[in-house]
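Novice: what shape does this take:
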Amino acid sequence: MRLINETQQEVFYGIACANMGDCGTLGPNDYVDLPAYDNQTNVTVSFAPTGNPQSFQITVDDTHTGEQAEMALVAA
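Specialist: Numbers count the residues shown, from 1 in each chain. Below you'll find the model as predicted:
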């Protein structure tokens, strides 16, 4: 599973399933590739800003094989 930060700020990511979990930070336009999650079920992914935790928070509770979860924030 590839997690991509397409925002202009650093974000914290968390990813977990029943038998493993990982977390870290992604800079603007950065990504992390975590292939161990590709064939897992009930994977949870969350993103939060590293600076101000109230500026946004996105949680993806459920993914399925072949699906892609993307995150994008656009300021108008």
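Novice: can you name the residues that contact the nearest residue to residue 4 once chain neighbours are set aside?
Specialist: Nearest residue to residue 4, sequence neighbours excluded (CB to CB, 6 or more residues apart in numbering): residue 31, at 4.3 Å. The C-beta positions use only the backbone N, C-alpha and C, and glycine is treated the same way. By CB atoms under 8 Å, 6 or more residues apart in numbering, the contact set of residue 31 is 2, 3, 4, 5.
Novice: likewise residue 43?
Specialist: Going by CB under 8 Å, 6+ apart, the list of residues near residue 43 reads 1, 15, 16, 17, 37, 62, 63.
Novice: do you know how far it is from residue 7?
Specialist: Going from residue 43 to residue 7 by CB to CB, to the nearest Å gives 21 Å.
Novice: residue 39 too?
Specialist: Distance, residue 39 to residue 7, using CB to CB: 28 Å.
Novice: neighbour count for these two, which is higher?
Specialist: Legend: neighbour count by other CB atoms under 10 Å for residue 39 and residue 7, higher for residue 7 (20 against 9).
Novice: helix, strand, or coil at that one?
Specialist: What DSSP: H, G, I helix; E, B strand; the rest coil gives for residue 7 is coil.
Novice: next one, pLDDT for it please.
Specialist: On pLDDT, residue 7 comes in at 79.
Novice: same question, the one 4 residues further on
Specialist: Residue 11 is assigned a predicted lDDT (pLDDT) of 90.
Novice: next up, the contacts around it.
Specialist: 5, 25, 26, 47, 48, 49, 50.
Novice: what about the fifth one, how many residues close to it?
Specialist: By other CB under 10 Å, 17 other residues sit near residue 48.
Novice: re earlier: of the contacts of residue 31, closest to residue 21?
Specialist: residue 3 (13.2 Å; CB to CB).
Novice: strands paired with the helix or strand hosting that closest one, and their directions?
Specialist: Assigned by DSSP states H and E, residue 3 belongs to strand 2-4. In the sheet, strand 2-4 lines up against strand 31-33 (antiparallel) (DSSP bridges).
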